[in-house]
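**Student:** dropping a prediction and its sequence here:
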Amino acid sequence: MRDTGHIQLPPSPGVGYKPQHFTAIMGDPGPVGWLEVHAENYMGGGGRPLAQLRHLSERFPCSVHGVGLSIGGEGALDADHLARLKTLCDWLQPASFSEHLAWSSHDSAFLNDLLPLPYTTATLDRVCAHIDQVQDVLGRQMLLENPSSYLAFSESEMDETDFLAAVAGRTGCGLLLDVNNVFVSATNLGYSPQGYIDAFPLDAVGEIHLGGHDEDEDETGAPLLIDSHGRAVVDPVWALLDHTLARTGPRPLLIEWDTDVPDWSVLAAEAHRAAEALHRVPA
Amino acid sequence: MTSQAEFRVALLDPHQTPPQGVVTPDGRPVFKRFDVYRNNVAVSLTEALETAFPVLRRIVGDAFFRAMAGVYLRQHPPRSPLMMFYGEDMPGFLQNFAPARSLPYLPDMARLELAIRQTYHAADAAPVDPATLAAQPEDALPRLRMGFAPALRLVASDHPVHGIWAANMAGGDNPAHRAETALVTRPEFDPLVDALTPDQGRVLSALGEGARLGDAVRLGGAGFDFGPLLTLLLQRGAIISLTIEEPVS
């Protein structure tokens, strides 16, 4: 039977787990109350990755975050990959499973990036059908994450927030609200990030992501932010988080840092800042 | 309408214009904004290949490797989201990659580095107790069959593939030319690479395919001594089962 509540993780700071932090996290996790792993890194047969994950899961609630399912793809979901996700979830019994509103595979090629899709009634039907299939196969509710956008589609018929609200309403999935992605997309596409949050179906939010981005410009000199997960969260994103938490109340709050991964102390400092943001919010 | 087929072609070909229908917020055609995705794809796949093939990269140098990766990733984009196994077509690619022909051992080095990653992620298995083997009656040994850990890999080469790998890992000189078979095992969590003679490699390969010990050792040639290979396999925890075939009466 499917869970109906959207929040499965503790409403505390979590971090994206990196193997180089294993000893530090097991020794002193600081304010970190849960961990998130990328599903695809734990799809081997055994060895150190699965042994470490087993140890971690005995101590921390875990979130499995997929980056390769291509839920926004035009074609059918990769049945082999969905079966691998089921094997992992059945073995680990994570508190949460999440994936992205994006596509990454076409025909037999996997492009290893989260690629954008237009928001139309046709893409809405397709995404909902794929999420129904995922939730049926895994036997659990999933969370769907809002993307970082660098461009728009002339064929789009609706706002991203309306699209996500419709997906959550039709499939019963929860949403993963990445506040840095909101800031990146709003800057790149020229809308208000606070307005996006206010229009977002916040009741469905089961997890919040925070991460760092890089700053660039397009060929016209317009700002172009790039979701790199390679540095600290910037102040305007922390402010947008406060704006969000004031409306949602405390939520599981993840720090993502995937490239140029720093020492544990740097990541722990970000987790402390996340804990302070959560403490400012009335429960 | 923007099709994902069109998007994919433009992603992997920097000379293509971005697909129809992807626009800036005020509806103009995109250039650099599309390049963000192009860059993400090319950089992330190049990094995945750098992680997969550290010794290949050391041998050919960073600039050559990056240029080669750029050709490879367009000819052979990943076929699955498991990036830890990306690069499975590298040996065949290198065989036909003209700029790499002066280093004929590169395809075998790619096979060895792929084997090391497969070994790292292979299923766990408990090794047999060496005492179990010692307890077998000597006259039964020719009828012995061995089961091997899922982590075990063999890479047979006409080149000193283990020696070149080890020299690049430790920073030494390349060994003299000879044929070698590399044995990759995982006693605990970290893969270990050992050198076998081609004869040892043939014997172990036959055992891995289920041959009886008595038949397998014949492939090692006259005077083949199974002792050193057996000692190594036991040290590496590579044997996980032993069965004796009953003699035909």
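**Tutor:** Received it, and whenever you're ready, just let me know what you need.
**Student:** use CA for all of it now, contacts and neighbours both
**Tutor:** Will do.
**Student:** which ones are touching residue 156?
**Tutor:** If you meant another chain, say so; for now it's chain A. A:118, A:119, A:120 (Cα atoms under 8 Å, 6 or more residues apart in numbering or on different chains).
**Student:** please refer instead to chain B.
**Tutor:** B:108, B:180, B:181, B:182, B:198, B:201.
**Student:** how would you label it: helix, strand or coil?
**Tutor:** At residue B:156 the chain is in strand, as set by DSSP: H, G, I helix; E, B strand; the rest coil.
**Student:** next one: it from residue B:199, what distance?
**Tutor:** Applying Cα to Cα, to the nearest Å, the value for residue B:156 to residue B:199 is 10 Å.
**Student:** so which residues on the stretch 151-283 of chain A come close to chain B?
**Tutor:** A:151, A:152, A:153, A:154, A:155, A:188, A:189, A:190, A:218, A:219, A:224, A:226 (Cα under 8 Å from any Cα of the partner chain).
**Student:** same thing but 10 Å
**Tutor:** Residues of the stretch 151-283 of chain A found near chain B (Cα under 10 Å from any Cα of the partner chain) are A:151-156, A:188-191, A:217-220, A:224-228.
**Student:** just the buried members of these?
**Tutor:** A:151-154, A:156, A:188-189, A:218, A:224-228 (16 or more other Cα atoms under 10 Å in any protein chain shown).
**Student:** about what we covered before: just the ones in strands from the residues of the stretch 151-283 of chain A next to chain B, please.
**Tutor:** Among these, the members found in strands (DSSP state E) are A:152, A:153, A:217, A:224, A:225, A:226.
**Student:** dump these to TSV, plus pLDDT.
**Tutor:** Shown next, in TSV, are these (pLDDT from 0 to 100):
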residue	pLDDT
A:152	97
A:153	97
A:217	95
A:224	97
A:225	97
A:226	96
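**Student:** and which of the residues you listed is nearest residue A:85?
**Tutor:** Using Cα to Cα, residue A:226 is the member of these that lies nearest residue A:85, at 28.3 Å.
**Student:** got a list of what the closest one touches?
**Tutor:** A:148-150, A:181, A:184-185, A:188, A:212-217, B:33, B:36-37, B:40 (Cα atoms under 10 Å, 6 or more residues apart in numbering or on different chains).
**Student:** make it 6 Å
**Tutor:** A:213, A:214 (Cα atoms under 6 Å, 6 or more residues apart in numbering or on different chains).
**Student:** and the strands in the stretch 51-200 of chain A?
**Tutor:** In the stretch 51-200 of chain A, the strands defined using DSSP state E, counting those that start in this stretch lie at A:62-65, A:96-100, A:103-106, A:109-115, A:143-145, A:152-153, A:174-178.
**Student:** which parts of chain B are strands?
**Tutor:** Using DSSP E, strands in chain B cover B:22-23, B:144-148, B:153-157, B:180-185, B:192-196, B:239-244.
**Student:** name the stretch among those that sits most buried.
**Tutor:** Mean neighbour count, computed with mean count of other Cα atoms under 10 Å in any protein chain shown, is highest for strand B:180-185 among these, reaching a mean of 26.
**Student:** quick one: list the elements packing against that strand.
**Tutor:** Here strand B:180-185 touches strand B:153-157, strand B:192-196, helix B:198-208, going by 3 or more Cα pairs under 6 Å, 6 or more residues apart in numbering or on different chains; DSSP states H and E.
**Student:** same for the longest one, what does it pack against?
**Tutor:** What that stands for is helix B:198-208. strand B:180-185, helix B:213-218.
**Student:** again, 10 Å this time
**Tutor:** strand B:144-148, strand B:153-157, strand B:180-185, strand B:192-196, helix B:213-218, helix B:227-235 (3 or more Cα pairs under 10 Å, 6 or more residues apart in numbering or on different chains; DSSP states H and E).
**Student:** by mean pLDDT, point me to the weakest helix or strand of chain B.
**Tutor:** Every helix and strand of chain B was ranked by mean pLDDT, DSSP states H and E. The lowest is helix B:130-134, at a mean of 89.
**Student:** may I see the buried residues of that helix?
**Tutor:** Here helix B:130-134 shows residue B:133 as buried, counting by 16+ other Cα under 10 Å.
**Student:** so how far is the longest helix seen in chain A from its chain's centroid?
**Tutor:** Longest helix in chain A, counting residues (DSSP state H): helix A:121-138. Computed by Cα atoms, centre = their mean, to the nearest Å, the separation of helix A:121-138 from the middle of its chain amounts to 17 Å.
**Student:** now the angle from it to strand A:96-100?
**Tutor:** With axes from the mean of the first three to the mean of the last three Cα atoms, to 10 degrees defining the directions, helix A:121-138 sits at 150 degrees from strand A:96-100.
**Student:** mean confidence score for helix A:121-138?
**Tutor:** Mean per-residue pLDDT for helix A:121-138: 98.
**Student:** which other helices and strands contact that helix?
**Tutor:** When contacts are defined as 3+ Cα pairs under 10 Å, 6+ apart, helix A:121-138 sits against helix A:79-92, strand A:96-100, strand A:143-145, helix A:160-171.
**Student:** who wins for proximity to residue B:13 among those?
**Tutor:** Using Cα to Cα, the helices and strands packed on helix A:121-138 put strand A:96-100 closest to residue B:13, at 25.1 Å.
**Student:** and residue A:36, its phi and psi?
**Tutor:** phi -120, psi 140 (degrees, to the nearest 10).
**Student:** alright, calling it a day.
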